[in-house]
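1. pasting a predicted model and its sequence here:
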Amino acid sequence: MKLVADCHFHTISSGHAYSTISEYAKEASGKGLALIGMTDHGPKMPGGPHRYHFDNLRVIPGVLYGVEIYKGIEANIVDFDGSLDTEGLIPEEMDIVISSFHSPCLAPSTMKENTKAIIKSMEKRYVNIIGHPDDSRVPIDYTELAKAASEYGVLVEVNNSSLKPTSFRKNAAENYRMLLEECYKNKVYVIINSDAHIHTDIGDSDAALEVVRRSGFPEELIANADLLRLKQRLGLRRR
Ligand SMILES: [Zn+2]
Ligand SMILES: [Zn+2]
């Protein structure tokens, strides 16, 4: 299986990433990707971009080096009611809004509370991806998550970075095995993303594809295995 897009990566604007949008686009072009989604961290991430970074996304061309550029944010969940750090921004005008749980922005609680925070964030009509729900330090009820993702038409991410041996997230492979089973049962579409923090990692998906293959998860439910399917699934939350 060949993926056509990577919809989660960080530029130098995120504060702890090391490449520019131009470097990412060039690298993606060389790797044959059709589309990449720039999703710098929301403003509440320590060292993260100022609000103006997101206000000015329009200056980035829609195509760079022949690669379509989607513009968005990896927003931080900031409380257990699912609030995101998009205050003062216009997230509904961004192509991609990932909702992610990051401990520096919200300390993890019980499985029940963590799950509630994520599901409440999905109720916002502009959220179209749930980022890396794969870390045993942030326990999540995968049955509830998959049911909500199905109800709201939100994509569930399989994050390649979480599956690398160098990842600080815990137990991602086993967590994805459980999560993919629930996604399959509920016919939830997933998206495989690199979560690159340097351009050389854009499009990296080997570890995620291996987990997906071992789970027997069908290609038809992988949003970024097909460009039209991807745009349609992301667009569900833009009407
Ligand atoms: Zn993240
Ligand atoms: Zn990220």
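-> On my side now, so go ahead. Residues are numbered from 1 along each chain as shown. Ligands and ions are numbered 1, 2, ... in the order given.

2. correct me, but Gln160 touches Glu210?
-> Gln isn't right for residue 160; it's Asn. No: look at Asn160 against Glu210 with C-beta atoms under 8 Å: they stay out of range, at 9.8 Å. Where you see a C-beta, it was placed from the backbone N, CA and C, and this is true even at glycine.

3. what about those two, which has more around it?
-> Asn160 (27 against 13; other C-beta atoms under 10 Å).

4. now the closest residue to the more buried one other than its chain neighbours: how far from Leu163?
-> Excluding the flanking residues, the one nearest Asn160 by C-beta to C-beta, 6 or more residues apart in numbering is Ala208, at 4.3 Å. In this view, Ala208 and Leu163 are 6 Å apart by C-beta to C-beta, to the nearest Å.

5. between the two, which has more neighbouring residues?
-> Set side by side, Ala208 and Leu163 show more neighbours around Ala208, with 28 against 22, by other C-beta under 10 Å.

6. off-centre distance for the helix or strand hosting the more buried one?
-> Element membership of Ala208, judged by DSSP states H and E, is helix 206-215. Distance, stretch centre to chain centre, for helix 206-215: 17 Å (C-alpha atoms, centre = their mean, to the nearest Å).

7. what sits up against it?
-> Contacts of helix 206-215 from elsewhere in the structure, counted by C-beta atoms under 8 Å, 6 or more residues apart in numbering, are 1, 3, 158-160, 163-164, 173, 176-177, 180-181, 184, 190, 192, 222.

8. again with stretch 61-70
-> Residues contacting stretch 61-70 (C-beta under 8 Å, 6+ apart): 7, 21-22, 25-26, 28-29, 33-38, 60, 95-96, 234.

9. could you pull out the strands for the chain?
-> All strands of the chain, identified by DSSP state E, fall at 5-9, 35-41, 63-64, 67-76, 96-100, 129-130, 155-159, 190-193.

10. measure the closest residue to Arg169 other than its chain neighbours to ligand 1 for me?
-> Leaving aside its chain neighbours, Arg169 sits nearest to Asp135 (4.0 Å; criterion: C-beta to C-beta, 6+ apart). Computed as C-beta to the ion, to the nearest Å, the Asp135 to ligand 1 distance reads 10 Å.
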